[in-house]
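Trainee: Next come a sequence and a model predicted from it.
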Amino acid sequence: MTVGVFCLLIVVGFFGGVWNAMASGATLFTFPALIAVGLPPVMANATNFLALLPSNAAALPAYKKELKSVGRAIWPVLTISSIGAVLGALLLLNSGEVIFINLIPFLIFGATLLFMFGNQMRNLLISQFEETGRIALFVSLSMLFIFSIYGGYFGAGAGIIILATMQIMGYSNYHVANSLKNLLATSLTIFSIIVFGLNGAIAWPEALVMMIGSTVGGYVGGLFGRKINERYLKIVMVCFGFFLSGYYYLNS
């Protein structure tokens, strides 16, 4: 690994960690950086899961009280999400490099839309299903399973839908729903990493270097995130996401 590559991964990892702490969606920055340093797309995607793990897990200690309040009800959703993540990771490894390369612009475009309209989508889903009892439970668990598969396959934007499913399931308190989202996103990431690691799909040196940056960035973002207007962050993220999807579409 050259000094230039090392510095790039540290800087992008740091920026990704800051971004995840403030707005989420760092994959739209970190994944292209890993491709830029020479990793094949599937390996870059698998490596990205490990690189961003610290920033995904960093919020869990702060939500210890909320998670404890959920009790045993946490295990069914955790199980469904973990199974979906494993299936998504296996799907990535077995679908082949060519298919994934062709899907990259559409995955990034979809993740950008989720980031752009996440709040509206969440409110719409809650308004449609929160009063329908068993239907809401079936719909939310089905959504959780499907988006966990997506999360194990690529991951960007999946947290938005996971948050919505928790609220549909009756966790109307935002902090409780968000604590579950953070737990499921962390679990999803860990199970995907296990699958990728066992199959030799992770570039460990690049992952560990970017992980250092994302860990420090996550801490810094947690300190200063509330001082920055989220509206401006979203504008930058959406513009960059559309640019990337167009770039990969033209070059795929």
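Mentor: Looks like it came in fine.
Trainee: Buried ones in stretch 190-207, by neighbour count?
Mentor: Neighbour-count burial for stretch 190-207, with 16 or more other CB atoms under 10 Å as criterion, is recorded at 190-193, 195-197, 201-203, 206-207. Yep, even glycine has a C-beta here, placed from its N, CA and C like the rest.
Trainee: ok, how many other residues are close to Phe145?
Mentor: Phe145 sits with 17 neighbouring residues when counted by other CB atoms under 10 Å.
Trainee: quick one: contacts for it?
Mentor: 80-81, 83-84 (CB atoms under 8 Å, 6 or more residues apart in numbering).
Trainee: now with 7 Å?
Mentor: In this structure, Phe145 makes contact with 80, 84, judged by CB atoms under 7 Å, 6 or more residues apart in numbering.
Trainee: Now it. Its backbone dihedrals?
Mentor: When read as degrees, to the nearest 10, the backbone of Phe145 gives phi -70, psi -50.
Trainee: Per-residue pLDDT of it, please?
Mentor: On pLDDT, Phe145 comes in at 90.
Trainee: still on that earlier bit, any chance of the buried residues of stretch 190-207 in JSON lines with secondary structure, pLDDT and distance to Pro105 as columns?
Mentor: As requested, the buried residues of stretch 190-207 are exported to JSON lines (DSSP: H, G, I helix; E, B strand; the rest coil; pLDDT from 0 to 100; distance: CB to CB, whole Å):
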{"residue": "Ile190", "secondary structure": "helix", "pLDDT": "91", "distance to Pro105": "28"}
{"residue": "Phe191", "secondary structure": "helix", "pLDDT": "93", "distance to Pro105": "26"}
{"residue": "Ser192", "secondary structure": "helix", "pLDDT": "91", "distance to Pro105": "22"}
{"residue": "Ile193", "secondary structure": "helix", "pLDDT": "92", "distance to Pro105": "25"}
{"residue": "Val195", "secondary structure": "helix", "pLDDT": "94", "distance to Pro105": "24"}
{"residue": "Phe196", "secondary structure": "helix", "pLDDT": "93", "distance to Pro105": "22"}
{"residue": "Gly197", "secondary structure": "helix", "pLDDT": "92", "distance to Pro105": "27"}
{"residue": "Ala201", "secondary structure": "coil", "pLDDT": "91", "distance to Pro105": "21"}
{"residue": "Ile202", "secondary structure": "coil", "pLDDT": "94", "distance to Pro105": "24"}
{"residue": "Ala203", "secondary structure": "coil", "pLDDT": "94", "distance to Pro105": "22"}
{"residue": "Glu206", "secondary structure": "helix", "pLDDT": "94", "distance to Pro105": "23"}
{"residue": "Ala207", "secondary structure": "helix", "pLDDT": "94", "distance to Pro105": "24"}
